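Asker: Any chance you can model this:
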Amino acid sequence: MKLYEDGYEQCSCFWGTKPAELVKEAVKLLKGRTPTGKLKAIDLGCGEGKNSNYISENGINVIGIDQSDLAIHHANQLWKNSSALFITGDMQSVDGAENSFDLAVSTGSIHCLESEEQVLSMITKIKRLLRLDGIFVFSSFNDRKQDLSGHPTGFNPILLGHEFFLSCFDHFEIIYHSDKDLIDAHPHNNIPHIHSITRILARRK
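Answerer: From the prediction side, this is the model:
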C-alpha cells in the first residue's frame, strides 16, 4: 500500500522543503572528517527528497529511495539542480555491500512496515550498510501516543516502544535520542493530529 499517494496527487510538495534537524546535525558531524566528495549516503523512504537534497548540497553523494513513483517524480521536479540520485524502490529490497555508506537516513519510514520482525530486519540491514564511524539518522512513530485522523483510511503503522528502538542500537554510540510529540497537519486535508516520535542519532563503533 502506497500510503501517501492521495497527498502526492494533490500536492506537489507534500512534505515541505526543510530538512530534518538530525540530518543537519549528521552532516555537520561528517563534514571536516573526510573530503565530502568521498562520502556516501542513503536515504531510505526519502519521500520527495528534502533530506537527500540537503545532504547533496553539502557535497555528499546520496541515493534517495522511495516506493512511490509520484514522490520520486516530485523529488526530481523540486530539486532539478540536485546531484542526489532519486530511485523508485522498496527499501526492504535494498541490497548493498557491508560498509558501503557513511550516512544512512530513515525518517518516518520504518513504522510503515508490517511487523516487529520486519522492523528488526530493516534496522539490522541499515546498520550493516554503514562504515565504521558511519552515522545513522532514525525516526519512527512509537507506541506512546498516536492520532491517525489525518492519515488515509487503512493506515496501520507498526508501533513499538522508544526503549525497543534504543535497544536496536546496541554496539552503536547513541549521540542523541528523544521521545517527543509532534503536532502535524498534512497540506492536502489540514487535519490537525499528533504523533509520539522516537528520534535517534547514532554512530557505528
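Asker: can you count the residues close to Asp133?
Answerer: By other CB atoms under 10 Å, the residues close to Asp133 number 14. For every residue, glycine as well, the C-beta is placed using N, CA and C.
Asker: separation between it and Phe101?
Answerer: Distance, Asp133 to Phe101, using CB to CB, to the nearest Å: 11 Å.
Asker: which parts of stretch 45-59 are buried?
Answerer: Neighbour counts over stretch 45-59 (16 or more other CB atoms under 10 Å) mark 45-58 as buried.
Asker: which stretches of the protein have low pLDDT?
Answerer: 1-2 (pLDDT under 70).
Asker: Which other helices and strands does the longest helix seen in it contact?
Answerer: The single longest helix within the chain, with elements called by DSSP state H, is helix 116-129. Applying 3 or more CB pairs under 8 Å, 6 or more residues apart in numbering; DSSP states H and E, we find helix 116-129 packed against strand 40-44, strand 101-107, strand 130-146.
Asker: Restricting to C-alpha, output it in CSV.
Answerer: Output of helix 116-129 as CSV, limited to C-alpha atoms (Å, rounded to 0.1, in the frame of the first residue of the first chain):
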residue,chain,number,x,y,z
GLU,A,116,8.4,-6.2,14.6
GLU,A,117,10.4,-8.8,12.6
GLN,A,118,10.4,-6.6,9.5
VAL,A,119,11.5,-3.6,11.7
LEU,A,120,14.4,-5.5,13.2
SER,A,121,15.4,-6.9,9.9
MET,A,122,15.4,-3.5,8.2
ILE,A,123,17.3,-1.7,11.0
THR,A,124,19.9,-4.5,11.1
LYS,A,125,20.3,-4.2,7.3
ILE,A,126,20.8,-0.5,7.5
LYS,A,127,23.4,-0.8,10.3
ARG,A,128,25.4,-3.3,8.2
LEU,A,129,25.4,-0.8,5.3
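Asker: quick one on the thing from earlier: reformat the helices and strands packed on helix 116-129 as JSON lines; add distance to Thr34.
Answerer: Shown next, in JSON lines, are the helices and strands packed on helix 116-129 (distance: least, CB to CB, whole Å):
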{"stretch": "strand 40-44", "distance to Thr34": "10"}
{"stretch": "strand 101-107", "distance to Thr34": "7"}
{"stretch": "strand 130-146", "distance to Thr34": "9"}
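Asker: List the buried residues of the strand or helix carrying His73.
Answerer: Counting by DSSP states H and E, the element that carries His73 is helix 69-78. Across helix 69-78, burial judged by 16+ other CB under 10 Å covers Leu70, Ala71, Ile72, His74, Ala75, Leu78.
Asker: how about those in JSON lines, adding distance to Leu39?
Answerer: Putting the buried residues of helix 69-78 into JSON lines (distance: CB to CB, whole Å) gives the following:
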{"residue": "Leu70", "distance to Leu39": "29"}
{"residue": "Ala71", "distance to Leu39": "24"}
{"residue": "Ile72", "distance to Leu39": "23"}
{"residue": "His74", "distance to Leu39": "25"}
{"residue": "Ala75", "distance to Leu39": "20"}
{"residue": "Leu78", "distance to Leu39": "23"}
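Asker: thinking again about what came up before, who touches the helix holding His73?
Answerer: 4-5, 8-9, 12-14, 17, 46-50, 52-53, 64, 66, 84, 86-88 (CB atoms under 8 Å, 6 or more residues apart in numbering).
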